[in-house]
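S.K.: dropping a prediction and its sequence here:
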Amino acid sequence: MNQLRGTTAIVTGSSRGIGLAIAIQLAGKGVNLALNGRDQGRLEKAAQRVRALGVDVVSVAGDITAETVRDELVTRTLEAFGSIEILINNAGIEPLIAFDAQSPAAIVCAIDLNYTATVLLTHQVLPHMLANRHGHIVAVASTMGLKGQPYGATYSGTKAAQIKWAEALRVELRDSGIGVSVVCPGIVAGAGIVGELTNATGIQPPRTATVTSHQVAEAVVKAIETNARQLIVQPGPLRTLLALDTLCPASGDAISRALGVEGYMRKLGEFGRERAR
């Protein structure tokens with residue numbers, strides 16, 4: 001999509017962290033926005049911040065896994081702007097805990113938010129894009145969907161599903177005028193879920209594995225503008241890990257240990273187990 005100014009984007013999970021950074025980045029390109037997040041007060045503050053950049057904004061608070069919230073988000077976006085050119089599926093939850101200590105309810109919650117909501121919201125928005133033969137869909141996944149990490153088994157599984165779903169949909173829509181991209185960040189330090197975990201535990205992620213929410217937001221815009229299939233937002237050493245893991249999984253595991261990623265995940269997993277007791 002070469003021209004973003006004047007288009008409209010839905011961004012889920014946009015009251016903080018990566019989602020807010022994406023909204024700000026898109027607003028800088030002149031994109032009008034429909035924002036969604038569960039916390040109404042936080043979402044309204046985000047909307048005010050984005051609106052100050054000179055674009056029009058609507059906001060719909062609520063859990064995007066609920067059909068009524070998805071309906072309201074799409075309806076209000078179309079009422080306000082008349083079309084939806086961009087959909088950013090960003091909302092997600094990252095439960096880091098030993099799998100045997102994770103409750104069935106928490107597993108279902110992660111699947112519903114990280115994967116099912118992405119699929120159903122896209123299914124609802126897609127007819128409007130197809131009617132105009134124009135649009136772009138982005139799934140904000142994770143490098144943990146490319147290489148599963150211990151104590152993030154459920155999260156890794158949902159993100160792997162999101163990646164493969166987007167890959168398949170991209171080919172299906174190849175001649176429709178609609179692009180589909182996946183953006184896979186590493187550990188996003190100081191923002192959103194990771195920021196909250198750091199504040200709660202004092203456990204710092206390894207510097208060799210971290211990126212910023214701004215870097216992720218830049219990658220999302222690049223993916224839209226260039227119709228990229230997949231963009232990995234990851235420091236150099238971990239990009240090597242991902243490549244080696246595909247060719248030789250044992251080497252990938254060894255590098256993950258050496259870079260401190262496995263140890264970091266273990267500490268968070270143990271914290272999650274204690275909190276769940």
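M.R.: Thanks, I have the structure now. Residues are numbered from 1 along each chain as shown.

S.K.: got any ranges where this protein has weak pLDDT?
M.R.: 191-194, 196, 237-238, 240-241, 244, 250 (pLDDT under 70).

S.K.: buried set for the longest helix along it?
M.R.: In the chain, with assignment by DSSP state H, the single longest helix is helix 153-172. With burial defined by 16 or more other Cβ atoms under 10 Å, the residues of helix 153-172 counted as buried are 153-163, 165-166, 169-170. Quick note: C-beta positions are derived from backbone N, CA and C, even for glycine.

S.K.: just checking, what packs against the helix or strand where V180 lies?
M.R.: Taking DSSP states H and E as the criterion, V180 maps to strand 178-185. Strand 178-185 makes packing contacts with helix 117-132, strand 135-140, helix 153-172, helix 213-226, strand 230-233 when contacts are defined by 3 or more Cβ pairs under 8 Å, 6 or more residues apart in numbering; DSSP states H and E.

S.K.: turn the ones you listed into TSV, including distance to L20.
M.R.: Formatted as TSV, those follow (distance: least, Cβ to Cβ, whole Å):
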stretch	distance to L20
helix 117-132	18
strand 135-140	12
helix 153-172	20
helix 213-226	8
strand 230-233	16
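
S.K.: V57 is nearest to which of these?
M.R.: helix 213-226 (16.3 Å; Cβ to Cβ).

S.K.: now do the closest one: distance to the chain's middle.
M.R.: 12 Å (Cα atoms, centre = their mean, to the nearest Å).

S.K.: tell me what angle the longest helix of the chain forms with strand 135-140.
M.R.: If you take axes from the mean of the first three to the mean of the last three Cα atoms, to 10 degrees, helix 153-172 sits at 160 degrees to strand 135-140.

S.K.: what inclination does helix 153-172 have with respect to helix 117-132?
M.R.: Using the same axes, to 10 degrees: helix 153-172 against helix 117-132 is 10 degrees.

S.K.: got the CA positions of helix 153-172 in PDB?
M.R.: The C-alpha trace of helix 153-172 is given here as PDB (Å, rounded to 0.1, in the frame of the first residue of the first chain):
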ATOM      1  CA  ALA A 153       4.400 -23.000  25.600                       C
ATOM      2  CA  THR A 154       0.800 -21.800  25.200                       C
ATOM      3  CA  TYR A 155       1.900 -18.400  24.000                       C
ATOM      4  CA  SER A 156       4.400 -20.000  21.500                       C
ATOM      5  CA  GLY A 157       1.600 -22.200  20.100                       C
ATOM      6  CA  THR A 158      -0.900 -19.400  19.600                       C
ATOM      7  CA  LYS A 159       1.700 -17.300  17.900                       C
ATOM      8  CA  ALA A 160       2.800 -20.100  15.600                       C
ATOM      9  CA  ALA A 161      -0.900 -20.600  14.600                       C
ATOM     10  CA  GLN A 162      -1.200 -16.900  13.900                       C
ATOM     11  CA  ILE A 163       1.900 -17.000  11.700                       C
ATOM     12  CA  LYS A 164       0.700 -20.000   9.600                       C
ATOM     13  CA  TRP A 165      -2.800 -18.600   9.300                       C
ATOM     14  CA  ALA A 166      -1.500 -15.300   8.000                       C
ATOM     15  CA  GLU A 167       0.900 -17.100   5.500                       C
ATOM     16  CA  ALA A 168      -2.000 -19.100   4.100                       C
ATOM     17  CA  LEU A 169      -4.400 -16.200   3.900                       C
ATOM     18  CA  ARG A 170      -1.800 -14.100   2.100                       C
ATOM     19  CA  VAL A 171      -1.600 -16.600  -0.700                       C
ATOM     20  CA  GLU A 172      -5.400 -16.900  -0.800                       C
END
